[in-house]
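Q: Sequence below, structure please.
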Amino acid sequence: MAEERVQRRLAAIMAADIVGYSRMMEADEAGTLARVKALRAELLHPMIAKYGGRIVKTMGDGTLVEFPSAVDAVSHAIDVQSAMAQRGAGEPEARRIVVRMGINVGDIVIDGDDIHGDGVNIAARLEGLAEPGGIYVSAAVQEHVRGKLDVAFDDLGEQTVKNIARPVRVYRVRASQEAAVARQGDGLPLPDRPSIAVLPFQNISGDSEQEYFADGIAEDIITALSRFHWFFVIARNSSFTYKGRAVDVRQVGRELGVRYVLEGSVRKGGNRLRITAQLVEAATGNHLWANKYDGALDDVFDLQDKITEGVVGAIEPSVRDAEIERARRKKPESLDAYDLYLRALPHYWANTLTESIKATEFLDEALRIDPSYAAAHGVAAICRMLRFVQGTLDPSDRTAAIQHARTVLALPTDDANALAFAGIVLASVGQDTTAALGAVDKAVALNPNSARAHANRAPVLLTLGRDHEAIEAAERAIRLSPFDPLNFGPEVNLSVAHFYSGRFEEAVAAAQRSIQSNASFGLAYALLAASLVRLGRLADAQDTVRRVRAVHPKYCIASVRTSPAGATQRAEALLSALREAGLPE
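A: Have a look, this model is predicted:
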């Protein structure tokens, strides 16, 4: 029989997913399902129908849609993101539903109601690259839409994406008016690091006595942000010149020469206070982050501290993500040490051998430009350690990790993150707990609001058997930055502490959360397997070992020995359980 002819057609494909869906499901499964169902019924599905789209399938947090044209697909995406922003404006950040989208035009293979092919795969990869609330499109879409809609495109260059042989040229969609504002150059020059101004918070309660409270919040945030030494923070006396004035953040950005502006308000009702805060990209007016805080006047200063902690903890990763996107848009020939450092970070976060090697390449180039760049030395140290642990077991990687860590300690640096990275490396492969503890303690002292400092202090404490303090450090890191992509680290450290304390159910839960945050983190699988062995679930433990060996084929007992969990006199209990689970030596 002749083979059945494959049906194909050209189509515009949109892939979309909900950011942080797993986290929201874990926190409130029934509530999240209800809100997502309502969102689809009230907004997403009607908007798809409005632009002639066809829902191919939904997959929990994801949706695949086919549109008759690229113009329809992009028009739909812009309208949805605008409506989503308005819909979520009054929601607490933990409950806010945010969507990212990828759109491609390409050839698709028809399979009943389903569709397949590179046209679909590229749309899915674009969605994976997009930031929360973002719309990323391929060059084909940009070509079809250009001149037909009132939008502008940021050229993000060619990106190598999974399972696609050739690089994909990627564009970010934004309103053309914002693009014009971003190109204006009539203000102060921007510093060579992330720059931010904290405007005085507005007192909208009608109670003049709350004026001091509003000012106090802004002043505390300025002080706390100043501890992040990779930020350029405008001093209070300059940012408070805008007090009582109606200002445009774009104007503030130009006049103060900053890339980001934080603004907020205070409202009193009876014995309650509500404080809102939002972080804005000054050049475009785009909102990067927003939240609200409620509390009682009875403990006003405690409330003020909690707000400061929450705002600062959220701003740092939000600005970091925005800076990484900015670095990605720069042409390769214009990259400086800071840009190369930023480009390395997503590869480090991926936490695989291949990605750690890519990160090291960027960091080595950054250090050739600036050999005294403490931040680059810090991340290079941990990337070299990850390379060693995740499969090379090459002594040169271990040596390089230690050298980078010791360079951080030798430099006259007050970079809390660099010190924190150096500490975890010296505790793990450096086997120098005295220097390690000194580094992480200094990091926390320099910046008590640094989630990374607390997160990296936890494994150092574990090597010293100080499990209770390690749990406190890990939990504080998560509290300071609850949506940080690096939270797989503190979660696995919670698992280590619970394992060594005999709380194996808690150890399993923490290891599973770590894997949900980063499915490539080998140590999380090791802790999960060992804890399952101790719970008598040998078959599940053996399956977990197979999973980690699929991710890291060379992962073994020796890999665990070089981690903070294995760099302790108690490690034999963990290693013995892993041997029972089938992890090779």
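
Q: Give the closest residue to residue 352 in space, chain neighbours not counted.
A: What sits nearest to residue 352 in space, not counting adjacent residues and going by C-beta to C-beta, 6 or more residues apart in numbering, is residue 520, at 4.6 Å. All C-beta atoms are positioned from the backbone trio N, CA, C, and that covers glycine.

Q: For the one you found, give me phi and psi.
A: Dihedral angles of residue 520 (phi, psi; degrees, to the nearest 10) stand at phi -110, psi 10.

Q: quick one: it from residue 262, how far?
A: Noted for residue 520: a distance of 33 Å to residue 262, by C-beta to C-beta, to the nearest Å.

Q: Compare neighbour counts for these two and give me the winner.
A: residue 262 (26 against 19; other C-beta atoms under 10 Å).

Q: List the residues that contact that one.
A: 196, 197, 198, 199, 221, 277, 278, 279, 280, 311, 315 (C-beta atoms under 8 Å, 6 or more residues apart in numbering).

Q: Over to residue 103?
A: 12-15, 70, 73-74, 77, 123, 126, 135-138, 141 are the contacts of residue 103 under C-beta under 8 Å, 6+ apart.

Q: cutoff 6 Å now
A: 14, 73, 137, 141 (C-beta atoms under 6 Å, 6 or more residues apart in numbering).

Q: Reformat those as a markdown table; add neighbour count.
A: Below are the contacts of residue 103 laid out as a markdown table (neighbours: other C-beta atoms under 10 Å):
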| residue | neighbour count |
| --- | --- |
| 14 | 30 |
| 73 | 31 |
| 137 | 31 |
| 141 | 30 |
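
Q: Looking at the residues you listed, spot the one nearest residue 173.
A: residue 137 (6.0 Å; C-beta to C-beta).

Q: Pairing partners for the nearest residue to residue 48 once chain neighbours are set aside in the sheet, please.
A: With C-beta to C-beta, 6+ apart as the criterion, residue 48 has its nearest non-adjacent residue at 5.7 Å, and that residue is residue 65. Legend: beta-bridge partners of residue 65 under DSSP bridges are residue 14, residue 55.

Q: pLDDT at residue 65, what is it?
A: We have a pLDDT of 90 for residue 65.

Q: follow-up on the earlier one: so which of the contacts of residue 262 is the most crowded?
A: Neighbour counts for the contacts of residue 262 (other C-beta under 10 Å) peak at residue 198, which has 30 neighbours.

Q: so how far is residue 401 from it?
A: 37 Å.

Q: Repeat that for residue 426.
A: Residue 426 is 9 Å from residue 401, by C-beta to C-beta.

Q: Could you do residue 271 as well?
A: Residue 271 is 54 Å from residue 401, by C-beta to C-beta.

Q: which helices and strands does the strand or helix carrying residue 340 pack with?
A: Per DSSP states H and E: residue 340 is located in helix 337-350. When contacts are defined as 3 or more C-beta pairs under 6 Å, 6 or more residues apart in numbering; DSSP states H and E, helix 337-350 packs onto helix 300-329, helix 353-369, helix 374-387.

Q: Residue 456 contacts residue 424, doesn't it?
A: Yes. The pair formed by residue 456 and residue 424 meets the contact definition of C-beta atoms under 6 Å, at 4.5 Å.

Q: Which one of the two is surrounded by more residues?
A: More neighbours surround residue 456 than the other of residue 456 and residue 424, with 35 against 30 (other C-beta under 10 Å).

Q: Identify the residues contacting that one.
A: 420, 423, 424, 440.

Q: of those, closest to residue 545?
A: Of the contacts of residue 456, the one sitting nearest to residue 545 (C-beta to C-beta) turns out to be residue 424, at 24.6 Å.

Q: ok, so what distance separates that closest one from residue 396?
A: Relative to residue 396, residue 424 is positioned 20 Å away (C-beta to C-beta).

Q: Go ahead and confirm residue 528 touches residue 544.
A: Yes. Using C-beta under 6 Å, residue 528 makes contact with residue 544 at a distance of 5.1 Å.

Q: Secondary structure element holding the residue nearest to residue 243 when sequence neighbours are not counted?
A: Excluding its sequence neighbours, the residue lying closest to residue 243 (C-beta to C-beta, 6+ apart) is residue 200, at 4.2 Å. Using DSSP H and E, residue 200 sits in no helix or strand.

Q: ok, residue 200 - how many residues close by?
A: 21.

Q: same check, this time on residue 473
A: 26.

Q: Let's verify residue 554: helix, strand, or coil?
A: The three-state label given to residue 554 by DSSP: H, G, I helix; E, B strand; the rest coil is coil.

Q: domain parsing for this structure?
A: 8-182, 195-322, 330-483, 487-585 (automatic domain parsing).

Q: Please tell me I have it right and residue 129 contacts residue 136.
A: Yes. With contacts counted by C-beta under 6 Å, residue 129 reaches residue 136, the gap being 5.5 Å.

Q: who's more crowded, these two?
A: residue 136 (28 against 19).

Q: Distance check, that one against residue 524.
A: Counting by C-beta to C-beta, the gap from residue 136 to residue 524 is 29 Å.

Q: now residue 377
A: Taken as C-beta to C-beta, the span from residue 377 to residue 524 is 26 Å.

Q: and residue 271 and residue 401? which has more neighbours close in?
A: residue 401 (28 against 9).

Q: Secondary structure element holding the residue positioned nearest the centre of the chain?
A: By C-alpha atoms, centre = their mean, the chain has its centre lying nearest to residue 485, at 3.8 Å. For residue 485, there is no helix or strand it lies in under DSSP H and E.

Q: Report how many residues lie close to the residue lying closest to it once chain neighbours are set aside.
A: Leaving aside its sequence neighbours, residue 485 sits nearest to residue 349 (C-beta to C-beta, 6+ apart; 5.2 Å). Residue 349 has 16 neighbours, counted by other C-beta under 10 Å.

Q: My guess is residue 349 contacts residue 487. True?
A: No. Judged on C-beta under 6 Å, residue 349 makes no contact with residue 487 at a distance of 10.6 Å.

Q: Might you report the residue contacts of residue 329?
A: So residue 329 contacts 154, 156 (C-beta under 6 Å, 6+ apart).

Q: Pairing partners for the biggest strand by length in the chain, with directions?
A: For the chain, the longest strand by residue count, based on DSSP state E, is strand 99-111. Strand 99-111 sits in its sheet next to strand 8-18 (antiparallel), strand 114-116 (antiparallel), strand 135-138 (parallel), going by DSSP bridges.

Q: For it, the averaged confidence score.
A: Mean predicted lDDT for strand 99-111 stands at 88.

Q: buried stuff in it?
A: By neighbour count with 16 or more other C-beta atoms under 10 Å, strand 99-111 contains the buried residues 99, 100, 101, 102, 103, 104, 105, 106, 108.

Q: how far is it from where the chain is centred?
A: How far strand 99-111 lies from its chain's middle: 25 Å, per C-alpha atoms, centre = their mean, to the nearest Å.

Q: so where do the helices sit in the stretch 1-150 of the chain?
A: Using DSSP state H, counting those that start in this stretch, the helices assigned to the stretch 1-150 of the chain run over residues 21-27, 29-39, 45-50, 70-88, 118-129, 139-145.

Q: quick one: average pLDDT of the last one?
A: The predicted model gives helix 139-145 an average pLDDT of 89.

Q: Tell me the strands beside the helix or strand following it, with direction?
A: Where DSSP H and E defines the elements, the next helix or strand beyond helix 139-145 is strand 151-159. Using DSSP bridges, the strands paired with strand 151-159 are strand 168-175 (antiparallel).
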